[in-house]
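1. Have a look; sequence and predicted model below, questions after that.
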Amino acid sequence: MSETLIRLTVEPLTAEAFAPFGDVIATADAQRHFTINGGNTERYHDLARIDPGPDGRAIVSIFRGQPRRLPFTVEMMERHPLGSQAFVPLSGGAYLVVVAPAGNPPGVEDLRVFLARGDQGVNYACGVWHHPLLALDGVSDFLVIDRAGEGPNCDEVRLDEAGVIELGD
Ligand SMILES: NC(=O)N[C@@H](O)C(=O)O
Ligand code: NI
């Protein structure tokens, strides 16, 4: 395995940029919102395509992530071939999202890195490669919606070349 460490570019998370990988769950990106409850509440409607697959069941969990130290070296990626996986921050801190298109195992050149705000969630579409949770600002809770059911639903790959994430210039 090469010892090359490539510095990865970090992009701000936007629905447009993330569209090839899934959905951004945020009020600012709602295609549709409307007032309910007699005017008390605004519903930001249908923000993500939750896909537990034909034989699965959507479940809701909470992940309590320890903060990652920067610079962070991305050495592996994973995917869930049988269902989507959504992360919605509950603690309000920023976090990192590292993804690559579904399909063949990615190389470091295929990685996209996004810095997500604490008011943005993400939903990885079925089979999209991603790095496991990368919380930044302290111990962080995330509501997670993904699949329970039969069959292996987590493939992991090690990258031939690692990528390094640093924030700031
Ligand atoms: N393994 C697990 O449930 N977590 C990962 O899928 C992840 O994306 O954090
Ligand atoms: Ni995952």
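-> Ah, there it is. Ligands and ions are numbered 1, 2, ... in the order given.

2. SS state for the residue lying farthest from the centre of the chain?
-> Centroid-distance maximum for the chain: residue 38 at 34.4 Å, with Cα atoms, centre = their mean. Following DSSP: H, G, I helix; E, B strand; the rest coil, the label given to residue 38 is helix.

3. ok, it - contacts?
-> Going by Cβ atoms under 8 Å, 6 or more residues apart in numbering, residue 38 touches no other residue. Placement of C-beta: from N, CA and C, glycine included.

4. What residues does this structure have near ligand 1?
-> Proximity of the chain to ligand 1 (Cβ under 6 Å from any ligand atom) is limited to residues 78, 85, 130, 132, 133, 154.

5. Identify the farthest-apart pair in the residues you listed.
-> Greatest spacing in the residues of the chain next to ligand 1, by Cβ to Cβ: 133 and 154 (13.2 Å).

6. So for the two, which sits in the more crowded spot?
-> Higher neighbour count among residue 133 and residue 154: residue 133, with 17 against 12, using other Cβ atoms under 10 Å.

7. now that one, nearest residue through space, not along the chain?
-> Spatial nearest neighbour of residue 133, chain neighbours left out: residue 65 (4.5 Å); criterion: Cβ to Cβ, 6 or more residues apart in numbering.

8. cool, residue 93 as well?
-> residue 137 (3.3 Å).

9. before we move on, the earlier item: number of nearby residues for the residue nearest to residue 133?
-> The burial count for residue 65: 20, using other Cβ under 10 Å.

10. do you know how far it is from residue 45?
-> As judged by Cβ to Cβ, to the nearest Å, residue 65 and residue 45 stand 28 Å apart.
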